[in-house]
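K.L.:
One predicted model, sequence on top.
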Amino acid sequence: MHEALFQPVKLGAIEAPNRVLMAPLTRGRASAGGVPNELLVEYYRQRAGAGLIISEATGISVEGLGWHAAPGIWSAEQTEAWKPVTEAVRQAGGRIVLQLWHMGRIVHPDYLDGQPPVSASATTAPDHAHTPTGRKPHQQSRAATLDDIARIVDDYAKAAANAKAAGFDGVQLHGANGYLVDQFLRQSTNLRDDDYGGSPENRVRFMDQILARLVDVWGNDRVSIRLSPNGETQGCDDPDPASIFAEAARVCQRHGLGFVELRQPGPNGTFGATEVPKQDALIRAHYTGPLVLNSDYTAAEAEADVASGRCEAISFGRPFISNPDLPARIRAGAEWAPNVNVPQSWYLPGPAGYIDYPAMAAAG
């Protein structure tokens, strides 16, 4: 079944044996200081049957990480602790790239010794932040100075070098979901009047500079990006998404990225997005490399979009939580195990709801 999904595909330099990819999933199981541990080793090893694993979003700096128990990649200790993860995936026959994350204004001051978070402009995200002491309202960010921007771009480059040392197969820039790169792209969060604000050409400049540094470290064919080009996410929106995301796609084309992943959520998306027109055709018009689509796919829908040539692969997120062998289940036409105790099990510490989902054969 699903013949198109099980054809190999080249995603830049990465040769994926199938087109069922694992989307990035924040799971909150790292140890103190954002250090990966044995739980992460087993979690990713179990899911190595994916054509490619895109890791959970991983902080590039203390400043950029505002999610309790999410991992980082800025320190030597973190870098060393990722090595058993990448080795476990490789020994199981898989491939894994690291998603690089700076949350921008979504970081609560509790993570920053009371200092405000940095963003494109001085704005405040809606709703609440997750902190070690519970949910708290977001606080107003401060606008990044030019020195801040240069320093953050350097942080991305250092994190990319650490990812290479840790044994990953590449890196993905998190440019989606209302985090820092997205905050620079969209007008609701970018109120700047300098070279990083105003026109679409200016608002993509930060993303462009980061990608250039990642390519310097990895080569263009092992660098990718995730974008969410439709609808509001965490208060981040744009009145003319076609203009800004067409420009973003042109940047991806100039860099010759290995692939572009698009999060295009339906009405029940994780961040509460409403269903709006998909933008993959817009991206296709300006970026000719492999396109990966994500969000709320069934196996049949995934097969249809790959078979039609709409995209080269599909990344599945939540289904991979309770189905560590999701590609095998799709290939066999087997039922998918449901997520239980959701969303609590996504983020609670410990192995429950994380590495205790049985594979298809073991499930009987």
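P.N.:
Yes, it's here.
K.L.:
in the stretch 1-150 of the chain, which spans are helices?
P.N.:
Secondary structure of the stretch 1-150 of the chain (DSSP state H, counting those that start in this stretch): helices at 38-46, 76-91, 146-165.
K.L.:
And for stretch 86-93, what's in contact with it?
P.N.:
41-42, 44-45, 48-49, 53, 95-96, 166-169 (C-beta atoms under 8 Å, 6 or more residues apart in numbering). Any C-beta I mention is one placed from the backbone N, CA and C, and that applies to glycine too.
K.L.:
Please spell out the ChimeraX selection for the buried subset of those.
P.N.:
The ChimeraX selection below is limited to those of the contacts of stretch 86-93 classed as buried (16 or more other C-beta atoms under 10 Å):
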select :41,42,44,45,48,49,53,95,96,166,167,168,169
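K.L.:
and residue 265, what pLDDT?
P.N.:
Predicted confidence (pLDDT) for residue 265: 79.
K.L.:
Could you grab the helix/strand/coil label for it?
P.N.:
Using DSSP: H, G, I helix; E, B strand; the rest coil as the criterion, the local structure at residue 265 reads coil.
K.L.:
before we move on, the earlier item: mind giving me a markdown table with the contacts of stretch 86-93 and columns for pLDDT and distance to residue 255?
P.N.:
Converted to a markdown table, the contacts of stretch 86-93 look like this (pLDDT from 0 to 100; distance: C-beta to C-beta, whole Å):
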| residue | pLDDT | distance to residue 255 |
| --- | --- | --- |
| 41 | 98 | 32 |
| 42 | 98 | 35 |
| 44 | 98 | 27 |
| 45 | 98 | 32 |
| 48 | 98 | 28 |
| 49 | 98 | 30 |
| 53 | 99 | 22 |
| 95 | 98 | 21 |
| 96 | 99 | 21 |
| 166 | 98 | 23 |
| 167 | 98 | 23 |
| 168 | 99 | 19 |
| 169 | 98 | 18 |
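K.L.:
out of the helices of the stretch 1-150 of the chain, deepest packed?
P.N.:
Across the helices of the stretch 1-150 of the chain, averaging neighbours per residue (mean count of other C-beta atoms under 10 Å) puts helix 38-46 on top, at a mean of 20.
K.L.:
And that helix, what does it pack against?
P.N.:
helix 76-91 (3 or more C-beta pairs under 8 Å, 6 or more residues apart in numbering; DSSP states H and E).
K.L.:
Report the angle between the helix it packs on and helix 38-46.
P.N.:
Orientation check (axes from the mean of the first three to the mean of the last three C-alpha atoms, to 10 degrees): helix 76-91 against helix 38-46 gives 30 degrees.
K.L.:
Relative to the whole chain's centre, how far out is helix 76-91?
P.N.:
Taking the mean of its C-alpha atoms, helix 76-91 sits 19 Å from the chain's own mean (C-alpha atoms, centre = their mean, to the nearest Å).
K.L.:
Any regions of the protein where pLDDT drops low?
P.N.:
1, 266-276, 362-364 (pLDDT under 70).
K.L.:
Let me see the ranges of the strands in it.
P.N.:
Secondary structure of the chain (DSSP state E): strands at 9-11, 14-16, 20-22, 53-59, 96-101, 118-119, 128-131, 134-137, 142-143, 171-174, 223-227, 259-263, 291-294, 313-316.
K.L.:
Go through the ones you listed and name the closest to residue 246.
P.N.:
strand 223-227 (11.5 Å; C-beta to C-beta).
K.L.:
Tell me the buried residues in stretch 193-207?
P.N.:
Using 16+ other C-beta under 10 Å as the test for burial, stretch 193-207 gives 196, 197, 200, 202, 203, 204, 205, 206, 207.
K.L.:
I'd like those as a markdown table, with distance to residue 264 appended.
P.N.:
Formatted as a markdown table, the buried residues of stretch 193-207 follow (distance: C-beta to C-beta, whole Å):
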| residue | distance to residue 264 |
| --- | --- |
| 196 | 26 |
| 197 | 26 |
| 200 | 20 |
| 202 | 25 |
| 203 | 21 |
| 204 | 20 |
| 205 | 25 |
| 206 | 23 |
| 207 | 19 |
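K.L.:
Just the ones in helices from the residues you listed, please.
P.N.:
Cross-referencing the buried residues of stretch 193-207 against helices under DSSP state H gives 200, 202, 203, 205, 206, 207.
K.L.:
These: which two are farthest apart?
P.N.:
Across those, the longest distance by C-beta to C-beta is 12.5 Å; it joins 200 and 206.
K.L.:
what do the two both touch?
P.N.:
In contact with both residue 200 and residue 206: no residue, using C-beta under 8 Å, 6+ apart.
K.L.:
Figure out which of the helices of the stretch 1-150 of the chain is closest to residue 14.
P.N.:
Here helix 76-91 is closest among those (C-beta to C-beta), at 12.5 Å.
K.L.:
Restrict the closest one to CA atoms and write it as CSV.
P.N.:
This file holds the C-alpha atoms of helix 76-91, laid out as CSV (Å, rounded to 0.1, in the frame of the first residue of the first chain):
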residue,chain,number,x,y,z
ALA,A,76,30.0,21.3,25.1
GLU,A,77,28.0,19.2,27.6
GLN,A,78,24.9,19.4,25.4
THR,A,79,26.9,18.6,22.3
GLU,A,80,28.5,15.5,23.9
ALA,A,81,25.1,14.4,25.2
TRP,A,82,23.6,14.5,21.7
LYS,A,83,26.2,12.1,20.3
PRO,A,84,24.6,8.9,21.8
VAL,A,85,21.3,10.0,20.2
THR,A,86,22.6,10.4,16.7
GLU,A,87,24.6,7.2,17.0
ALA,A,88,21.5,5.3,18.1
VAL,A,89,19.5,6.6,15.2
ARG,A,90,22.4,5.7,12.8
GLN,A,91,22.8,2.2,14.3
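K.L.:
Alright, I will stop here.
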